[in-house]
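Peer 1: Got a predicted structure plus its sequence, pasted below:
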Amino acid sequence: MRYRILALAFAVLALAGCKNDKKGTLLPNVSGKAGEVLVIIEREQWEGDLGVAIREVLAADTPYLAQREPLFALSNVPPGAYNNMFKMHRNQLLVNINPLNQTTGVVYKHNVWAQPQAVVQINALDEDEALDLFEHDCVIISEYFEQVERDRVIANAKLYEESALRDPVASVTGGILHFPSGYRCRKVTGDFVWIADEKQYTNQTVLIYKYPVSGEDVFSLQNIISKRNEIMQANVPGMFDGSYMTTSTAQEPVCRSLSYKGRAFVETRGFWEVHGDFMGGPFVSHSFYSPDGKDIIVLEAFVYAPRYDKRQYLRQVESLLYSFEWKTPETE
């Protein structure tokens, strides 16, 4: 049921964003850092049950990171201090509790005071109702902020795109991914592409591969990981002879079914490691059918950043997976 809620959330929120855009209005750029959410709420409510519920959802530990890092960095601003400077912030949760409110509910808005901006407004008559509204919509609210963060990464990738990377991706998948400047192609075969942005202390990588549909339950966790390990061993060697990438068994990966812009896929999250070495980090992949149904296509993002927190690095490269689109005359 939760997966269906997430899939529905993407569709509903896309419509909500279109309805609330200030089209034709020139807005200033947003302020704030990626991954930040401003929570506009009275201090006593922030410190009470409502604030606890908000932090438990939006500041929960990001899954499948080696260190504890919150999904979002939250900051509280009381309504009395909510001035024009704060209204420019990129992500906002605005809690409007007033017994005189004529309507109640949760409203999703885009580009209210700046762009590209995401605002969630909870309108309630009292604190108990605000808590009920938040708890009812908490998954959608979290995914809303997550997706607008991804959309910003994708928009930047398209603005500064390495268009030369389209062809190797299309040769394997029949579709395209939008990579920003800095990414380079490291390896291409008939069914595997390795594209990475490698810096001195960080590595953000996307692996694209496919394999024939074989047997039943092709999207089971066991089958996805078995195929992943087989392909990683053949294509992603480590620094030392006989070393290669594989899936860590220290914590079992997890799968869930999602749908985004009409494309159904299975998301897998886990940890990678290098057999024969001491390297590792988080990965996330999207697995789905090819248009003819004969192959499974996998888009995988992983991060290696041993000196730094990894939430934002993973969010950036994972966002690129959501830029995938089938190749058409319009996308060429």
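Peer 2: Thanks, I have the structure now. Residues are numbered from 1 along each chain as shown.
Peer 1: Wait, residue 152 touches residue 33, no?
Peer 2: No: contact criterion C-beta atoms under 8 Å: residue 152 and residue 33 do not qualify, at 11.6 Å. Placement of C-beta: from N, CA and C, glycine included.
Peer 1: For residue 130, which non-adjacent residue is spatially closest?
Peer 2: Distance criterion C-beta to C-beta, 6 or more residues apart in numbering; nearest residue to residue 130, sequence neighbours excluded, is residue 124 at 3.8 Å.
Peer 1: and residue 152 and residue 33? which has more neighbours close in?
Peer 2: residue 152 (17 against 10; other C-beta atoms under 10 Å).
Peer 1: got the buried residues for the lengthiest strand in the chain?
Peer 2: Determined from DSSP state E, the single longest strand within the chain is strand 263-275. Buried residues in strand 263-275, defined by neighbour count with 16 or more other C-beta atoms under 10 Å: 265, 266, 267, 268, 269, 270, 271, 272, 273, 274.
Peer 1: same thing with stretch 131-148?
Peer 2: 131, 133-134, 137-138, 140-148.
Peer 1: So which of those sit within strands?
Peer 2: Per DSSP E, those never map to strands.
Peer 1: Need these in CSV (columns: distance to residue 234).
Peer 2: CSV is the format used below for the buried residues of stretch 131-148 (distance: C-beta to C-beta, whole Å):
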residue, distance to residue 234
131, 52
133, 51
134, 47
137, 45
138, 42
140, 40
141, 42
142, 37
143, 35
144, 39
145, 38
146, 33
147, 34
148, 37
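Peer 1: which one of those residues sits closest to residue 313?
Peer 2: residue 146 (15.3 Å; C-beta to C-beta).
Peer 1: Please enumerate residues in contact with stretch 51-70?
Peer 2: When contacts are defined by C-beta atoms under 8 Å, 6 or more residues apart in numbering, stretch 51-70 is touched by residues 37, 39, 41, 45-46, 71-74, 76, 93, 131, 134-135, 138, 141-142, 145, 251, 253-254, 269-271, 280-282, 284, 309-311, 314.
Peer 1: What is the end-to-end distance of it?
Peer 2: 15 Å (C-alpha to C-alpha, to the nearest Å).
Peer 1: What number of neighbouring residues does residue 28 come out with?
Peer 2: 11.
Peer 1: Please, which helix or strand holds residue 313?
Peer 2: helix 311-321 (DSSP states H and E).
Peer 1: Residues touching that helix, excluding its own?
Peer 2: With C-beta under 8 Å, 6+ apart, helix 311-321 has contacts from 34-35, 62, 65, 69-71, 149-151, 153-154, 157, 177-179, 197, 202, 204-206, 282, 284-286, 299-303, 305.
Peer 1: Let's see that with 6 Å instead.
Peer 2: By C-beta atoms under 6 Å, 6 or more residues apart in numbering, the residues outside helix 311-321 that reach it are 34-35, 62, 69, 150, 153-154, 177, 204, 206, 282, 284, 286, 299, 301, 303, 305.
Peer 1: What of stretch 157-173?
Peer 2: Residues contacting stretch 157-173 (C-beta under 6 Å, 6+ apart): 176-181, 183, 185, 188, 191, 193, 195, 208, 210, 297, 327.
Peer 1: Could I have the buried ones of the residues you listed as PyMOL selection syntax?
Peer 2: A single PyMOL command selects the buried members of the contacts of stretch 157-173 (16+ other C-beta under 10 Å):
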select buried, resi 176+177+178+179+180+183+185+188+191+193+195+208+210+297
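Peer 1: one step back: could you report the separation of the residue nearest to residue 130 from residue 148?
Peer 2: Going from residue 124 to residue 148 by C-beta to C-beta, to the nearest Å gives 23 Å.
Peer 1: Tell me where the stretch 151-300 of the chain has strands.
Peer 2: 175-176, 184-188, 192-198, 203-212, 244-247, 254-260, 263-275, 280-289, 295-304 (DSSP state E, counting those that start in this stretch).
Peer 1: Export these as a markdown table, with columns for mean pLDDT.
Peer 2: Listed next are the strands of the stretch 151-300 of the chain as a markdown table, based on pLDDT from 0 to 100:
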| stretch | mean pLDDT |
| --- | --- |
| strand 175-176 | 96 |
| strand 184-188 | 96 |
| strand 192-198 | 97 |
| strand 203-212 | 97 |
| strand 244-247 | 96 |
| strand 254-260 | 95 |
| strand 263-275 | 96 |
| strand 280-289 | 96 |
| strand 295-304 | 97 |
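Peer 1: Any idea which of these gets closest to residue 110?
Peer 2: Nearest to residue 110, of those and by C-beta to C-beta, is strand 254-260 at 17.3 Å.
Peer 1: What strands flank the closest one, and is each parallel or antiparallel?
Peer 2: strand 263-275 (antiparallel) (DSSP bridges).
Peer 1: export the partner strand as CSV, just CAs?
Peer 2: C-alpha atoms of strand 263-275 as CSV (Å, rounded to 0.1, in the frame of the first residue of the first chain):
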residue,chain,number,x,y,z
ARG,A,263,7.6,4.6,-16.0
ALA,A,264,7.3,1.7,-13.5
PHE,A,265,10.5,0.5,-11.9
VAL,A,266,11.9,-1.3,-8.9
GLU,A,267,14.2,0.8,-6.7
THR,A,268,16.9,-1.1,-4.9
ARG,A,269,19.1,0.4,-2.1
GLY,A,270,22.1,-1.1,-0.5
PHE,A,271,25.8,-0.9,0.1
TRP,A,272,28.5,-1.7,-2.4
GLU,A,273,32.0,-2.9,-1.5
VAL,A,274,35.1,-4.0,-3.3
HIS,A,275,36.1,-7.6,-2.9
